[in-house]
Structures are given as C-alpha cells and as structure tokens.
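>>> Need a 3D model of the following:
(one chain, ligands or ions: 1)
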Amino acid sequence: MTHPEPHAATVLVVEDEPDIGALLGDLLESRGYRALVADDGRAALRLFHERRPDLVVLDLGLPGMDGWETLHRIRDLSDAPVLILTARAAEEDKVRALHGGADDYMVKPFGYEELFARLAVLLRRSRPVARDESRYEDADLVIDPVSREVTYQGRRVELTPLEYRLLTTLARHPRKVLSREQLLELVWDDPYAVSRDVVRIYIGYLRRKLGADVPIETVRGFGYCYRPRHRAAVTARTS
Ligand code: CA
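Coordinates of the predicted model:
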C-alpha cells in the first residue's frame with residue numbers, strides 16, 4: 001500500500017461500477033494521488049463540497065442524477081478539471097460534454113497509461129496562473145480579488161467561478177469591445193473547447209444576477225463591452 005505524498009492532488013472518481021471504481025481508486029493511490037470514489041452523482045457532489053478535489057473523473061451513465069447533471073453542478077461550483085470516462089463513444093456525446101464544461105473525454109475500455117497522462121496534463125494546466133489581483137472599482141461595481149466579493153450598486157452578488165472570471169475580464173477592459181473568441185480565450189482558457197454560445201449564455205447569467213441595467217453592451221455579431229458609468233452619475237443620484 002503506497003501512501004499519498006502530503007501535497008498529492010486529490011482525484012474524485014464518480015463511477016457506479018464497483019469494480020471499475022475500486023480499480024481506479026487503487027491505481028490512483030499507487031501513483032501517489034489521493035483518491036475519492038463516489039458511486040452516484042449525489043455522493044459525488046457531497047464529496048466535492050467536503051473535500052474540494054483537484055480533478056474529477058466522471059462517468060456519464062450513473063443511477064439517479066446522471067453524469068450530465070453532475071457535470072453541470074460541478075461546473076457551477078468550481079473550475080476543477082473534469083475528465084469524462086464513459087462507454088459512450090458517439091461524437092455528439094463528446095461534443096455535448098465539452099460544451100457542458102468537461103475538459104477531456106475518454107472512452108471505455110481505456111488504457112491506464114493514457115488516462116494517467118491525460119490526468120497529469122489537466123492538473124498541470126489547472127495550476128493557478130498569476131492574474132491581476134488589484135481591486136476593481138467604478139461607480140457601480142466593486143470587485144475584491146482577495147475575497148472574490150462582488151458588489152453591484154451596493155448589493156453583494158454571488159457569482160459562480162466562471163461568472164466571476166467573465167465579469168472581471170470585462171471590467172478590466174473598460175470601454176473595449178471583446179470578441180467572443182477573446183472572451184473564450186481569456187475566461188475559458190481555451191477558445192476551441194467550448195461552444196461560442198456559452199459566452200452569450202454566461203452574459204445572460206451576469207445580467208440576471210447584477211440587474212438588467214448592468215453596463216455590459218452587446219456588440220452585435222462581434223462581442224461584448226463593459227462601459228462603466230461616470231462617477232458623477234452616482235454623485236447626482238445619491239445627493
Ligand atoms: Ca456507468
């Protein structure tokens with residue numbers, strides 16, 4: 001029995017076949033990872049909340065909450081990489097998974113060496129990169145990168161990690177039009193892995209959470225622009 005290193009990455013395996021789940025857990029630990037195994041989506045989300053794994057290996061065919069729903073819920077909580085490991089080999093399933101926020105996709109039966117090589121790539125890519133850590137503030141919007149708190153017109157707004165990154169990226173390029181491709185690159189880190197529609201969908205989430213008057217403009221056929229209101233406008237309104 002090999003013990004994981006103190007700073008070993010924690011991998012959550014979501015797999016309803018007990019033999020495959022146990023095998024993956026043992027293999028991961030033999031390679032120095034910490035392994036958690038869940039046999040359905042609800043158990044996976046509970047473990048995800050409690051243990052904040054660095055990476056998730058997710059089966060699609062699960063009893064109860066299926067892999068699609070589990071992927072969706074994980075994506076709303078975190079940017080942790082998700083590798084789909086499934087018997088489903090259809091291109092439409094792969095595309096749907098990548099559009100849904102999965103980072104990689106492997107079809108069973110699978111080679112262990114390939115799986116571990118892909119896990120290593122995902123972990124390497126997900127290491128935090130240096131981002132602008134200064135506080136952002138305009139007349140309406142305050143973003144505190146240390147606490148990750150967002151306040152809009154004096155009201156605290158709860159954002160998912162992706163929504164937070166999208167808003168921060170727009171606000172840090174005020175009055176500049178960012179194309180969907182630029183946003184995919186800057187926010188999703190990968191212009192090819194997700195559908196362009198995902199930008200429109202997440203802009204919609206931001207407008208819903210911050211309010212319809214949030215100064216994010218749609219530049220038709222091109223992209224989006226954050227146009228902060230002049231500070232004088234606030235002084236006039238509050239005096
Ligand atoms: Ca299954």
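
>>> who in this structure is up against the ion?
Contacts of the chain with the ion, taken as CB under 5 Å from the ion, map to Asp16, Asp59, Gly61. Using the backbone N, CA and C atoms, a C-beta is placed for each residue, glycine as well.

>>> try it again with 6 Å
Asp16, Glu17, Asp59, Gly61, Leu62 (CB under 6 Å from the ion).

>>> Separate out the buried members of those.
Asp16, Asp59, Leu62 (16 or more other CB atoms under 10 Å).

>>> Okay, and the first one sits in which element?
Taking DSSP states H and E as the definition, Asp16 sits outside all helices and strands.

>>> Grab the most central residue of this protein for me.
Nearest to the geometric centre of the chain sits Asp79, at 3.0 Å (CA atoms, centre = their mean).

>>> Kindly report the domain assignment for the protein.
Per automatic domain parsing, the structural domains of the chain span 10-126, 134-237.

>>> Which of the ones you listed has the lowest mean pLDDT?
Set side by side, the domains of the chain give their lowest mean pLDDT on domain 134-237, at a mean of 85.

>>> what distance separates that one from the middle of the whole chain?
16 Å (CA atoms, centre = their mean, to the nearest Å).

>>> Check stretch 49-60 too.
12 Å.

>>> What is the neighbour count of the nearest residue to Leu77 once chain neighbours are set aside?
Using CB to CB, 6 or more residues apart in numbering and skipping the chain neighbours, the partner closest in space to Leu77 is Phe48 (6.7 Å). Using other CB atoms under 10 Å, Phe48 has 21 other residues around it.

>>> Report the separation between Phe48 and the ion.
Distance, Phe48 to the ion, by CB to the ion, to the nearest Å: 18 Å.

>>> what's the following helix or strand after the host helix or strand of Leu184?
In the assignment (DSSP H and E), Leu184 maps to helix 180-188. Heading C-terminal from helix 180-188, the first helix or strand you meet, by DSSP H and E, is helix 197-210.

>>> got the residue ranges for the helices in the protein?
Taking DSSP state H as the criterion, the chain carries its helices at 18-30, 41-51, 67-77, 91-99, 112-126, 161-171, 180-188, 197-210, 231-238.

>>> Any chance of TSV for those, columns distance to Pro145?
Putting those into TSV (distance: least, CB to CB, whole Å) gives the following:
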stretch	distance to Pro145
helix 18-30	33
helix 41-51	23
helix 67-77	19
helix 91-99	28
helix 112-126	18
helix 161-171	7
helix 180-188	15
helix 197-210	17
helix 231-238	21
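
>>> Deepest in the core, which of those is it.
Scoring those by mean neighbour count under mean count of other CB atoms under 10 Å gives helix 161-171 as the most buried, with a mean of 21.

>>> which secondary structure elements does it contact?
strand 141-144, helix 180-188, helix 197-210, strand 223-226 (3 or more CB pairs under 8 Å, 6 or more residues apart in numbering; DSSP states H and E).

>>> measure the residue in the chain positioned nearest to the ion to Thr70 for me?
Minimum separation of the chain from the ion (CB to the ion) falls at Gly61, amounting to 3.7 Å. Distance, Gly61 to Thr70, by CB to CB, to the nearest Å: 11 Å.
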